[in-house]
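Q: With the input below, show me the fold.
(one chain, ligands or ions: 1)
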Amino acid sequence: MNSIQIGVVMGSSSDWDTMQHAVAILQQFGIAHEAQVVSAHRMPDDMFRYAEAAAGRGLKAIIAGAGGAAHLPGMIAAKTPVPVLGVPVASRHLQGVDSLHSIVQMPKGVPVATFAIGAAGAANAALFAVALLANEDPALRAKLEAFRAEQTAAARAMTLPPVAV
Ligand SMILES: Nc1c(C(=O)O)ncn1[C@@H]1O[C@H](COP(=O)(O)O)[C@@H](O)[C@H]1O
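A: Modelled structure (predicted):
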């Protein structure tokens, strides 16, 4: 069995609607991954254990999504040298601007690569992880290039409706 390469964690099961878009991309590219709830606020000891074990387990990157006071990606980054890709989940009251600011404003020395708010950000975090892995994997690089080519073809095929005014 392939060892797990990418960890996907999120602060709550309520983040799954967003974070499943990252997992869907990893599945599409056949990347061995895991997905689970890990909260810095609600289960800090578990979060520490997850982050401390990540490098030894061979994880190549961790995609961490959280909403509101989104400390999870930054706290994981504080405890592991494994690259952390942060996904701001849209929050109920501030639409995810709070999540974005919480994740992106890391102090110098502890980076979190921060993506857009919501599903597109989650998908892009996974595509970025695929691109990292593809540096060392020519077959995966070819799959990524095919994905891009399909996307280009779809964009070129776009047409616009007639003017409606
Ligand atoms: N931001 C964090 C963390 C954390 O950063 O450790 N743990 C949970 N949460 C966030 O709280 C929001 C509401 O969670 P609930 O829906 O469970 O109340 C979620 O978006 C979650 O990511």
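Q: SS state for M75?
A: State at M75, reduced to three classes by DSSP: H, G, I helix; E, B strand; the rest coil: helix.
Q: avg pLDDT for the longest helix along the chain?
A: Ordering each helix of the chain by length in residues (DSSP state H) puts helix 138-156 first. The average pLDDT within helix 138-156 is 98.
Q: With stretch 13-31 instead?
A: pLDDT averaged over stretch 13-31 gives 98.
Q: Would you mind writing the CA trace of the longest helix of the chain as CSV?
A: In CSV, the C-alpha atoms belonging to helix 138-156 read as follows (Å, rounded to 0.1, in the frame of the first residue of the first chain):
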residue,chain,number,x,y,z
PRO,A,138,7.3,12.5,-14.0
ALA,A,139,4.1,10.5,-14.3
LEU,A,140,2.3,12.8,-11.9
ARG,A,141,3.8,15.8,-13.8
ALA,A,142,2.3,14.4,-17.0
LYS,A,143,-1.2,14.1,-15.3
LEU,A,144,-1.0,17.7,-14.1
GLU,A,145,-0.1,18.9,-17.6
ALA,A,146,-3.0,17.0,-19.1
PHE,A,147,-5.3,18.5,-16.4
ARG,A,148,-4.1,22.0,-17.4
ALA,A,149,-4.5,21.2,-21.1
GLU,A,150,-8.1,20.1,-20.6
GLN,A,151,-8.8,23.3,-18.6
THR,A,152,-7.3,25.4,-21.4
ALA,A,153,-9.5,23.6,-24.0
ALA,A,154,-12.6,24.2,-21.9
ALA,A,155,-11.7,27.9,-21.5
ARG,A,156,-11.1,28.3,-25.3
